[in-house]
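Undergrad: sharing a model prediction with you, sequence too.
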Amino acid sequence: MAKAKDSSAPILALNDVSKVFGGYRALHDVSLNVYPGQVLCLLGDNGAGKSTLIKVLSGFHQPTSGTLEWEGEEANFKSPKDANDRGIATVHQFGGTFPLMTIGRSFFVGVEPTKGWGPFKRFNKKYANETAVREMQALGITRVTDGDRLIGSLSGGERQASAIARAVHFGAKVLILDEPTAALGVKEATHVLRIIMQAKLKGIAVILVTHNVTHALTVGDHFAVLIRGEKADDFKKGERTREQITDLMAGGEAMAELEEELNTLTGTINRVN
Amino acid sequence: MAGQTKSRFDFGTLLRRPEFGALIGTIVVFVFFSVAGGEPFTDLGGWAAWLNVASELGIIALPVALIMIAGDLDLSVGSTIAAGGVTMAVVSGFFDVPTPIGVVAGLAFGALIGFINGIIIVRTNLPSFVVTLATQFAVFGLVLGLCKLITGTVAVNVKADEGVKAIFGTLLFGNFETAIVIWAVLALLVAWILIKTKYGNWIYAIGGDMVSAKATGIPVNKVRVWLFVGSGTASALVGVIQASLYDSAQVSGGASFVFNSIIAVVVGGVLLTGGYGSVVGVILGTMTFAIVSQGIFFTGWDSDWASLILGGLLLVAVLTNNTFRRLAFSSGKKKG
């Protein structure tokens, strides 16, 4: 098996995990290994089960059958907080989820730094703002200098960066990124990919959910393709060509066939005209 | 060093705060009624007239604002006011138990109503709008039924003892209700909670995105229940204040507070969608409401026009809140 070649042990593993919603099987016997300091790309078309899979990984759903392993031991994530406490951080498509909060405040939601004593204990805004800005700048977001700015005033890439910076700051061991580049322009997407590489170099295990094959191939170390809730393929960097991956993602149906079909269609139209 | 910005006055930043709209609203209605109402509105009696209304409304608007920032609504404050006042009047007026005990009983009943609201909302996941509307009616019926059963009337007399009267039901300088002081203290307390404690951060986060707030480990349901306990207790407090002031409590008292409190909060810049708002804004919104509803009496016009003005103000406030929200999103400060 491929995993025997890896020097380090997986930090997080799924063994034959299935998830059934009222008769509908969203995940079917999926096994995955997530390694520290590597980027695992979860590829698949819409409805392939990517969202369900990351919800199982982040504690939102419990698997119907199969087991999870955390740092080599069988584990059960009872809640998102439980997964969060172990060091699994999830960043959603639009990054910072509290658009009307300031950068400093949203950075510390749920773990507010305080100063003072007893009834005079109060939110340490200065520390919160400085830390949030410093951590974002460390990821190359130099345009952000004021922790009092609202999250909603940041660009899509900056919001992703603020959420990733937060995860890194609080010592995330596994970082789940759900379509981080989907809503971004080319330049911003490049920046987010660079930040992903930085997180990886810090030894964080990154799970990147995407259906952009180019982005996946740029940063991915290993890849898993989901089709209708099943793991259709699992391979390492360089083991498949871009065409093979694209074909897989289209549901196994060869893209070439589709192209041919399209050609005949446009051909018909051209003839009519 | 990163993150160092001068706290220099910045007009652009001020413009982006929703309280700015509330401030303009307060100034405009105050100037308007000062001109239209003349001397009687601007002298001590005029100030007392609207400050008294503002204080009672404000005591409820502050906790209601917290609930709305957290993304919920409380429509049960009306009957909770009556429940607090009538409980105190029945305990201390009808049964002659010392008034401090009557006050505590009234406040406890209010807290209980809030607690029940909160528990039903977090357990059933029903919209707070529907649940509190239901309790508004249920509590009104309960108070009316029990009051008639026990006392045989719908208005109960109560003579508060000196201490209670001094705190809740005295007119300072012959004009100003002690409720104004209570309102000011409560405003400081709520501002402290919102800005200076982690609970404030939690309230904003819950209103911003409840699912994410839950994921970060915030005890979302506990916070929401406590917020309803807060507004229940504050509503009952207003009932106690009214009973102490007028020496009687009525079953029907308070219905107008349900929508008035929401108007005050929204005019004060709190977003209907939750996640944003401030104590300063809510105070200004409450003042605006009180100035309009009382100022009209000084103009000599039919007081019905006040509702027209308030309705218009509410509409303008919602529109400007949306604009300010957009401005807040349009990238923050200029460089320099």
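TA: Cool, the structure landed.
Undergrad: list the residues that contact A:Glu158.
TA: Going by CB atoms under 8 Å, 6 or more residues apart in numbering or on different chains, A:Glu158 touches A:Gly95, A:Met136, A:Ile141, A:Arg143, A:Val144. (Each C-beta comes from the backbone N, C-alpha and C, glycine too.)
Undergrad: so where do the strands sit in the chain?
TA: You didn't say which chain, so I picked chain A. Along chain A, the segments classed as strands by DSSP state E run A:12-21, A:24-34, A:39-44, A:65-70, A:73-75, A:88-91, A:114-115, A:122-123, A:174-178, A:205-210, A:222-227, A:230-236.
Undergrad: hmm, I had chain B in mind actually
TA: Listed in chain order, the strands found in chain B under DSSP E are B:155-157, B:171-172, B:176-177, B:248-250.
Undergrad: format those as a markdown table; extra columns: mean neighbour count, mean pLDDT and distance to B:Arg326.
TA: As requested, the strands of chain B are exported to a markdown table (neighbours: other CB atoms under 10 Å in any protein chain shown; pLDDT from 0 to 100; distance: least, CB to CB, whole Å):
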| stretch | mean neighbour count | mean pLDDT | distance to B:Arg326 |
| --- | --- | --- | --- |
| strand B:155-157 | 18 | 91 | 49 |
| strand B:171-172 | 12 | 89 | 43 |
| strand B:176-177 | 20 | 93 | 39 |
| strand B:248-250 | 23 | 92 | 44 |
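Undergrad: excluding chain neighbours, give the residue nearest to residue 38 in space.
TA: Using chain A. Leaving aside its chain neighbours, A:Gln38 sits nearest to A:Asp221 (4.1 Å; criterion: CB to CB, 6 or more residues apart in numbering or on different chains).
Undergrad: my question was about chain B
TA: Closest residue in space to B:Gly38, ignoring its immediate chain neighbours: B:Phe298 at 7.2 Å, by CB to CB, 6+ apart.
Undergrad: run a quick neighbour tally on the one you found.
TA: B:Phe298: 20 surrounding residues under other CB atoms under 10 Å in any protein chain shown.
Undergrad: that one: what's it in contact with?
TA: Taking CB under 8 Å, 6+ apart, we find B:Phe298 in contact with B:Phe33, B:Ala36, B:Gly37, B:Gly38, B:Pro40, B:Phe41, B:Gly46, B:Ala49.
Undergrad: as JSON lines, those residues with distance to B:Val258 and neighbour count would be great.
TA: Shown next, in JSON lines, are these (distance: CB to CB, whole Å; neighbours: other CB atoms under 10 Å in any protein chain shown):
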{"residue": "B:Phe33", "distance to B:Val258": "25", "neighbour count": "23"}
{"residue": "B:Ala36", "distance to B:Val258": "28", "neighbour count": "14"}
{"residue": "B:Gly37", "distance to B:Val258": "28", "neighbour count": "21"}
{"residue": "B:Gly38", "distance to B:Val258": "33", "neighbour count": "14"}
{"residue": "B:Pro40", "distance to B:Val258": "30", "neighbour count": "12"}
{"residue": "B:Phe41", "distance to B:Val258": "27", "neighbour count": "22"}
{"residue": "B:Gly46", "distance to B:Val258": "27", "neighbour count": "22"}
{"residue": "B:Ala49", "distance to B:Val258": "22", "neighbour count": "21"}
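Undergrad: nearest to chain A, of those?
TA: Nearest to chain A, judged by CB to the nearest CB, of the contacts of B:Phe298 is B:Phe33 at 33.0 Å.
Undergrad: report how many residues lie close to the residue nearest to A:Phe98 when sequence neighbours are not counted.
TA: What sits nearest to A:Phe98 in space, not counting adjacent residues and going by CB to CB, 6+ apart, is B:Gly208, at 3.7 Å. The number of residues packed near B:Gly208 is 27, by other CB under 10 Å.
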